[in-house]
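Asker: sequence-free structure coming up:
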């Protein structure tokens, strides 16, 4: 019986972990940003260094959460198919070969929100369920992770 309870607890933890890891991700900009009408391709091109210019020739500053973040891993897997570790390797290669510079890093989701809120050219990402009207950002695009 105790073994059955242990399996049930393990199953519940795994189920909750996968639910947290598969939460949709909101791509965000400042309320005052001129960036609009984003597509999956626009976001992917920004976060793979293919472009820094979007839409009506607006320059965007992509922000990225620190490399050990689960959110970052989920973001890159959903957007590019690369894990967070693979994305780090990709950006290292792009920098060494002079092809592109990586997104600017922030340490936390709170820092991501604050930097996006105060910089009209910044673009970032947070869990979609963390978006609220009072945080000073607007959603450009939702990345489905499930």
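Answerer: All right, it came through fine. The shown structure was predicted, so the numbers you read here are calculated from the model rather than taken from an experiment. Numbers count the residues shown, from 1 in each chain.
Asker: quick one: mean pLDDT for the helix or strand harbouring residue 142?
Answerer: Here residue 142 sits within strand 137-143, counting by DSSP states H and E. For strand 137-143, mean pLDDT rounds to 94.
Asker: repeat for stretch 117-129
Answerer: Rounded mean pLDDT across stretch 117-129 is 95.
Asker: if you count neighbours, what's buried in it?
Answerer: 117, 119, 121, 122, 123, 124, 125, 126, 127, 128 (16 or more other C-beta atoms under 10 Å). Bear in mind the C-beta positions are built from the backbone N, C-alpha and C, glycine included.
Asker: neighbouring strands of the strand holding residue 142 in the sheet, and parallel or not?
Answerer: strand 25-30 (antiparallel) (DSSP bridges).
Asker: got a list of contacts for the partner strand?
Answerer: 35, 38, 43, 71, 74-75, 78, 112-113, 116-120, 122-128, 130-131, 136-143, 145 (C-beta atoms under 8 Å, 6 or more residues apart in numbering).
Asker: please enumerate the helices of the protein.
Answerer: All helices of the chain, identified by DSSP state H, fall at 2-21, 40-47, 70-80, 84-96, 109-118.
Asker: dump the residue contacts of residue 38.
Answerer: Per C-beta under 8 Å, 6+ apart, neighbours of residue 38: 27, 54, 55, 140, 141.
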